[in-house]
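1. here is my input, please return the structure:
(chains A and B, ligands or ions: 6)
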Amino acid sequence: MALPKRIIKETERLMAEPTPGISAVPHEDNLRYFDVEISGPDGSAYEGGKFKLELFLPEEYPMSPPKVRFLTKIYHPNIDKLGRICLDILKDKWSPAHQIRTVLLSIQVLLSDPNPDDPLANDVAQEWKTNKEKAIATAKEWTEKYAK
Amino acid sequence: MSDIDFDEGDDDFLYDESGEDYLDESGEDYLDELDFTEIIQEKQERKKYEVEYKVYSIEEIEDFQNKEIEHVANIIGCFKEHAATLLRHFKWNKERLIELYMDRTEEVTKEAGVIVDAQKLPKLIKVEDFCCDICCDSGDDIESLALSCGHRFCKDCYSQYLTQKIKVEGECRNIQCPSDACNIIVDENTIKMLVSEDTYHRYTSLLIRTYVDDNIFLHWCPAPNCEYAVECKIHDSDLQRLVPTVKCKCGHQFCFGCGLPDHQPCICSLVAKWLNKCRDDSETANWISVNTKECPKCKASIEKNGGCNHMTCKKCKNEFCWVCMGPWSEHGNQWYTCNRFEEKTSVDARDSQSRSRAKLERYLHYYNRYANHEQSAKLDTELYEKTERKMERMQKSSELSWIEVQFLKEAVETVVQCRNTLKWTYSFAFYLQKDNQTTLFEDNQRDLEMAVEQLSELLEEEIKPNRIAELKQRVVDKSIYVKHRREILLEDTAQGLKESRWVFIDP
Ligand SMILES: [Zn+2]
Ligand SMILES: [Zn+2]
Ligand SMILES: [Zn+2]
Ligand SMILES: [Zn+2]
Ligand SMILES: [Zn+2]
Ligand SMILES: [Zn+2]
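-> Numbering: from 1, shown residues only, chains lettered A, B, ... in the order given. Ligands and ions are numbered 1, 2, ... in the order given. Predicted structure coming up:
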C-alpha cells in the first residue's frame, strides 16, 4: 500500500527542519517505523543522556495516535519498565492535527517536567512524591548508567 | 403523593405540557394495546407501597428533547443545533442553562464548545488553494468543511474522523473539532452530513443512551432487548423508606432503586445483603434439599410437583406439611408454626447447642421459607402450563370456551406474584428485630401465606368439565381474597417503613 501523503510530508519536514535535541529516522524497509532519539533536557535529571525510542504509525494514523515506546531504560514516574509512556495526547487527547513532531516535543517536555500525580510507574511516582531528592538522584544514576 | 416529596412543576422532565391526559395523547393505537383492567387501575389512587413513575419509548424521549431544544433556541435566538449542544453540556437542565447563559454568555458558550452567534451552519464547500492539515491533500477541487471556529479539513478526513469517534470510541455529545486544543463541538447536522446512515444511527442512539444515563431519575428497563426507559423521581436516600417497584410497558416488573426484579416489601439495602448472604452461605444452605424430602412416616422419597405445601405420600398416604414436615391434620388453625421462628424453639436450641449453631438455624429457617416460595412459584407456573394443555384438549371435546379457561391463568399469576412477595417477606423478617411491631407483620405474613396455599391447592384440583363453573367461582373468590391479603401486608409494611417503625438488626 502506498504511503499516505501526510506521512511523506511529515517525514520530509522532520528531515529538512530538525528540532534541536530530537531526531527521528524512518526505517528504509518500513517507512511507518521510526528510530527516535531524544536528548535529556538541560537542567533535568536526564541531562546529558541520549534516550532511544521507537515510534510506529498505525494504519489509522493520523486518526489514531502513533505508538511510542522508550527503548532506553529510564527512571521516570510516567514511564514504566516496558518503556510505555503516560501522555494525554497519546491517548484521549489525541487529535489528527497533532504530528510526530508535536508528540516528540511533548515527550521532551515530560522529561523536564515529570508528573507524579498521573503515574504509570507507581513505585517511581511514590518515591518522587515522598523523597524527591532521592528519586532525582536515582534518575541521574540511571541516565549515567543506561543513556550514555 | 403520600409517601415521597416529589419536586412538582418545572423540572417535571418528560411530562406533557399540554395537560392532555395520558390516553388522549397517544390515540387509538394505544387503546388497542391496553385492556380495561389496566385503565381502571390507572385511575385508581396510588397505594401506600406504590410510587409514581412513567414509562417512555425512545421516540417519546426524542420528542421531548426536540421540544426542549426548540424552546432554548427560541429564547437564545440561535440554531437548534447549537441549542442542542448547550443543553447536552448542561445535561438537559434547561433552567440552569438559561440562567447562566443570560449571566455569563461568553464563559458558558466557551465551556460548552459552541459559537452561538455563528451566521450559518457548517457546509461542504470548495476553497481556492486549500490544503488539508490531516491528509496533506491540496488543490482547488477538494470539498472541505469548517465549524464556526474556522478550522477547515477535507470531507474525507472529516468523515473518517467522525466515524472513528462514533464507531470506535463510542463518543457522541463530546466530539470536538479535529484541530488540536479546539473544543468546538461537532453539531448533529454536520455529523448527519458527513457519516454513513448506519454511523449516524449509532450516533443518535448513543445520544439517547447518554441522556438516560446522565439523568438520575431515568433508568432503562433491564429486561433483555427492551428499549423503554422508566422515570421515577426518587433519590437514593428514599430507598430506606420505600421500595420503588415499577412496571415497564413490556410487562417486566422491577425495582427502580436497584434494578432487580420486584422485591416488595423488602428494601433494596436488605435485599442486597440477603442475596450476598445466600451466596456466601449457599454451601451450607445446599444441604437443605429444596426439591425432594423424605416422607416423615415411611421415609419414601417425595418430590414436590406443585406449589402447595400439603403433601400426600404416594406410598403410605401420609399427609404432611412440606415446610415443617408435621402432620397436615394439625395444620389449619396452627398453620402459623410454619411461618415463625418460634422463640421457644430458638431458646431450646441455644441451650443445647452452640450459639453459632442457633444462628445458622435462624438463617436456615428464613432461607428455607424464602427458597420454598421461589421454588413453589416455579412449580405453580409449570403446573399451570400442564393444566392449560389439558384445558385445550377439553375445549376441543366440549363446550368450554377460551374465556372460561382464563380464570386459571389469572389465578396462577396472582399466586406467583404473592409467592414473590412472601419470599421477600422472609428476607425482610430475617433482618427485623423481634418486638411488638413485628407480631403484626408476622400475622399479616401468615394470613397471606395461608390464603396463597389455599389458592395454590385449588389449582391442583382435578378439572371436570361439568363442574368447571363451580371451580371457577371458588378460584375467583379465593383470588380476590388473596390479593386483598397482599394489599394489607404491603400497605402496612410500607407505612411502617415511612414511620421508621421497623428496627433492623444485623444477625
Ligand atoms: Zn484531508
Ligand atoms: Zn476548531
Ligand atoms: Zn421493559
Ligand atoms: Zn431494589
Ligand atoms: Zn409415606
Ligand atoms: Zn407446616
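
2. what about the closest residue to residue B:138 other than its chain neighbours, distance to ligand 5?
-> Excluding the flanking residues, the one nearest residue B:138 by Cβ to Cβ, 6 or more residues apart in numbering or on different chains is residue B:131, at 3.8 Å. Yep, even glycine has a C-beta here, placed from its N, CA and C like the rest. Noted for residue B:131: a distance of 93 Å to ligand 5, by Cβ to the ion, to the nearest Å.

3. which helices and strands does the helix or strand hosting residue B:388 pack with?
-> Using DSSP states H and E, residue B:388 maps to helix B:355-397. Counting contacts by 3 or more Cβ pairs under 8 Å, 6 or more residues apart in numbering or on different chains; DSSP states H and E, helix B:355-397 is packed against helix B:268-280, helix B:282-286, helix B:343-352, helix B:402-430, helix B:436-459.

4. what mean pLDDT does the second one have?
-> Which is helix B:282-286. The average pLDDT within helix B:282-286 is 52.

5. go through the helices and strands packed on helix B:355-397 and find the least confident stretch.
-> Lowest mean pLDDT within the helices and strands packed on helix B:355-397: helix B:343-352, at a mean of 42.

6. any idea which residue of chain A lies closest to ligand 5?
-> Of all residues in chain A, the one sitting closest to ligand 5 is residue A:122 (66.5 Å; Cβ to the ion).

7. so which helix or strand takes in residue B:320?
-> Assigned by DSSP H and E, residue B:320 falls within strand B:319-321.

8. near ligand 6 at all, that strand?
-> Yes. Contact of strand B:319-321 with ligand 6 (Cβ under 5 Å from the ion) involves residue B:321.

9. list of residues touching stretch B:95-111?
-> Defining contact as Cβ atoms under 8 Å, 6 or more residues apart in numbering or on different chains, one finds that stretch B:95-111 is touched by B:10, B:11, B:72, B:75, B:76, B:86, B:87, B:89, B:90, B:115, B:116, B:183.

10. then stretch B:428-445?
-> By Cβ under 8 Å, 6+ apart, stretch B:428-445 touches B:265-267, B:270, B:273-274, B:336, B:339-340, B:343, B:362-363, B:366, B:422, B:425, B:485, B:488-489, B:492-493, B:496, B:501-507.

11. buried stuff in the longest helix along chain A?
-> Counting residues, the longest helix found in chain A (DSSP state H) is helix A:132-146. Buried residues in helix A:132-146, counted by 16 or more other Cβ atoms under 10 Å in any protein chain shown: A:135, A:136, A:138, A:139, A:140, A:142, A:143.

12. ok, the residue of chain A closest to ligand 5 - how many residues close by?
-> 11 (other Cβ atoms under 10 Å in any protein chain shown).

13. do residue B:164 as well
-> Around residue B:164 there are 17 other residues, counting by other Cβ under 10 Å.

14. again with residue B:474
-> Neighbourhood size, residue B:474 [other Cβ under 10 Å]: 14.

15. which residue packs closest to it, ignoring adjacent ones?
-> Nearest residue to residue B:474 in three dimensions, chain neighbours excluded: residue B:458, at 6.1 Å (Cβ to Cβ, 6+ apart).

16. quick check: the one you found vs ligand 2, distance?
-> Distance from residue B:458 to ligand 2, counting by Cβ to the ion: 73 Å.

17. and that residue, what is it in contact with?
-> For residue B:458, the contact set (Cβ under 8 Å, 6+ apart) comprises B:411, B:471, B:474, B:475, B:478.

18. so which of those is the most crowded?
-> Busiest of those [other Cβ under 10 Å] is residue B:411, holding 23 neighbours.

19. measure that one to ligand 2 for me?
-> Distance, residue B:411 to ligand 2, using Cβ to the ion: 66 Å.

20. thought that residue was touching residue B:457?
-> No. The criterion here is Cβ atoms under 8 Å, and residue B:411 misses it with residue B:457 at 11.6 Å.

21. neighbours around residue A:36, how many?
-> 21.

22. could you give the bridge partners of the closest residue to it other than its chain neighbours?
-> In space, and not counting its chain neighbours, residue A:36 is closest to residue A:53: 4.1 Å by Cβ to Cβ, 6+ apart. When bridges are taken as DSSP bridges, the partners of residue A:53 come out as residue A:36, residue A:70.

23. ok, now which ones touch residue A:53?
-> If you count contacts by Cβ under 8 Å, 6+ apart, residue A:53 has them with A:36, A:37, A:38, A:68, A:69, A:70, A:71, A:72, A:83, A:107.

24. and with 10 Å instead?
-> A:22, A:24, A:34-38, A:68-72, A:74, A:83, A:85, A:104, A:107 (Cβ atoms under 10 Å, 6 or more residues apart in numbering or on different chains).

25. now do residue B:183
-> Applying Cβ under 10 Å, 6+ apart, we find residue B:183 in contact with B:110, B:111, B:112, B:113, B:114, B:149, B:174, B:176, B:177.

26. which of those fall within helices?
-> Within the contacts of residue B:183, residues falling in helices by DSSP H are B:110, B:111, B:112.

27. what about the second one, neighbour count?
-> Going back to what we said before, that points to residue B:111. By the other Cβ under 10 Å criterion, the neighbourhood of residue B:111 contains 14 residues.
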